[in-house]
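> Kindly generate the corresponding structure for this input.
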Amino acid sequence: MSFATGGGKGPSSEINVTPLIDIVLVLLIIFMVMTPVMLKDIAAAVPRKATEETAAPPGSPPVVVKLDASEILSVNGQPVAPEALAARVAERMVHDRKKIVFFDVDDRASYGRAVKLMDICKGAGAKTLAIVTRD
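Numbers count the residues shown, from 1 in each chain. Modelled structure (predicted):
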């Protein structure tokens, strides 16, 4: 293996890697300094245990709001007027504020009417709304 000495006939054709190493080291230092700065804390809200809720009576049925194709509204099989829906759902939610309200809406029923009923139930205190589906 031969090395070029300073007394050659012309310019050297070998690549000088010293500037490349300097740039890589500077970039490494920049990334090492910036990495801890870029890490941010993730805020997590842990739910607190609710103490004001009373226990639900054993075996209480879920709240099921049904809207059929002829726009007849019922809660757990009992017919109810649309104006009284909020009161009926709030009455069922007294024991358990985390109870899910299920919606059984016929495919031929009005979509806008179903959304309005969901809004009424949400305003009555329902935390979670669910839709009953069929296979």
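
> Which helix or strand lies directly C-terminal to the helix with the most length in the chain?
Determined from DSSP state H, the single longest helix within the chain is helix 18-38. Remark: after helix 18-38, the chain's next helix or strand is strand 63-67, criterion DSSP states H and E.

> Show me the contact partners of that next one.
Strand 63-67 is contacted from outside by 73-77, 85, 89, 92-93, 99-106, 109, 113-114, 117, 121, 126, 132, using Cβ atoms under 8 Å, 6 or more residues apart in numbering. Any C-beta I mention is one placed from the backbone N, CA and C, and that applies to glycine too.

> State the distance spanning the first to the last residue of stretch 73-85.
For stretch 73-85, the first and last residues are 9 Å from each other (Cα to Cα, to the nearest Å).

> For that stretch, give the mean pLDDT please.
Regarding stretch 73-85, the rounded mean pLDDT is 88.

> centre of the chain versus that stretch, how much separation?
Relative to its chain's centre, stretch 73-85 lies at 31 Å (Cα atoms, centre = their mean, to the nearest Å).

> buried residues in that stretch?
Residues of stretch 73-85 classed as buried by neighbour count (16 or more other Cβ atoms under 10 Å): Leu73, Ser74, Val75, Val80, Leu85.

> now for the one helix or strand the last one maps to, which elements pack on it?
Per DSSP H and E: Leu85 is located in helix 85-92. Using 3 or more Cβ pairs under 8 Å, 6 or more residues apart in numbering; DSSP states H and E as the contact criterion, the elements in contact with helix 85-92 are strand 63-67, strand 73-75, helix 111-123.

> Which of those sits closest to Ala45?
With Cβ to Cβ, the closest approach to Ala45 among the helices and strands packed on helix 85-92 belongs to helix 111-123: 20.7 Å.

> any idea of the mean pLDDT in the helix or strand following the closest one?
Proceeding N to C from helix 111-123, the next assigned helix or strand is strand 128-131, under DSSP H and E. Mean pLDDT, strand 128-131: 84.
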